[in-house]
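Chemist: predicted coordinates and the sequence they were generated for:
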Amino acid sequence: MKLTADQARAHADEVRKTSVTILKGLIPTETIDAWNAAFGPLLAAAVRREGDNPNRGAHRYYVTLPFQDLWADPGVIDNAAIMAVIEELVGADGVMCQLASDTPLAGSEYQDLHRDTQLLFPESGVETPPYQLAVNFPLVDVTDENGPMEYAPGTHMLSKDEGMAKVASGEIPLVKAYMNRGDVMIRDVRHIHRGTPNRVGTPRPMIVIGYSRRWLHRPEVNIRIPAEVLVALPERARRWLRHNPVFETKTEAAQPEETYRAFAY
Ligand SMILES: O=C(O)CCC(=O)C(=O)O
């Protein structure tokens, strides 16, 4: 799918206004199903490594994906429609700095309401245009039972206290992010949101690709890129990945066992 300039601007405006836009049916379900099959062993390894109380909450796993093979598919990480909206929001000179996943399993709970980043100038309380975005898409259809993320529209442009108060009073109701395989969400991660319990036996993996303004450094994430993968990518993808570390071999680049201590604000 290609978006016209007007369509891309309309999606970007929706993010600016509400914090979220969804591109329906963007990624072929065959691609999603292949990612889900390949994800199983990575999730199993994370469960072995971290036990049942990992850092995102009980039975909830943050897993970094190795940037190679199907995980580096240009149809996903250099998708024309996604990039058109991203470029509207953080500029054509932005960066891609994160490729990972969030997965609640049976036994997961409500997370505390949080933001994924702090204000640029926290002492000022001043909200700015977008600078840090997440592209999210699920590897299974998201239902009421398997743990839809909930978010509070518009709270990316409010102070945390004000946003939390409006959520608590019901003035801004939480919205469940129902998405089908192939749907893609682009969101401003300053919005107040939380993971909810997965009540079924099947994991609900949600891929997260992080994009930022060119000047934003997020020390908690990066993408370890094998040189042979980098050289085979389209020019735009290479440009967006330019601040990430490059390794001579896929083995070297494959993630060291890492524990991501996500910041929640
Ligand atoms: O359920 C989700 O995908 C959201 C999880 C989340 O917000 C987090 O782990 O910080």
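Modeler: Received, thanks.
Chemist: CA only for contacts and neighbour counts going forward, please
Modeler: OK.
Chemist: now do the contacts for the nearest residue to residue 77 once chain neighbours are set aside.
Modeler: Nearest residue to residue 77, sequence neighbours excluded (Cα to Cα, 6 or more residues apart in numbering): residue 237, at 7.3 Å. Residue 237 is in contact with 74, 77, 78, counting by Cα atoms under 8 Å, 6 or more residues apart in numbering.
Chemist: just checking, the last one touches residue 238?
Modeler: No. In this structure, residue 78 is not within contact of residue 238 by Cα atoms under 8 Å, at 9.4 Å.
Chemist: identify the residue nearest whichever residue of the stretch 1-150 of the chain sits closest to the ligand in space, chain neighbours excluded?
Modeler: Closest residue of the stretch 1-150 of the chain to the ligand, Cα to the nearest ligand atom: residue 149 (4.4 Å). Spatial nearest neighbour of residue 149, chain neighbours left out: residue 195 (4.7 Å); criterion: Cα to Cα, 6+ apart.
Chemist: residues touching the one you found, list them.
Modeler: Residue 195 makes contact with 104, 109, 110, 111, 147, 148, 149, 150 under the criterion Cα under 8 Å, 6+ apart.
Chemist: go through the strand or helix carrying residue 8 and flag the buried ones.
Modeler: Assigned by DSSP states H and E, residue 8 belongs to helix 5-18. For helix 5-18, burial by neighbour count (16 or more other Cα atoms under 10 Å) applies to 8, 9, 11, 12, 13, 14, 15, 16, 18.
Chemist: check stretch 110-123 too.
Modeler: Under the neighbour-count criterion of 16+ other Cα under 10 Å, stretch 110-123 has 111, 113, 114, 115, 116, 117, 119 buried.
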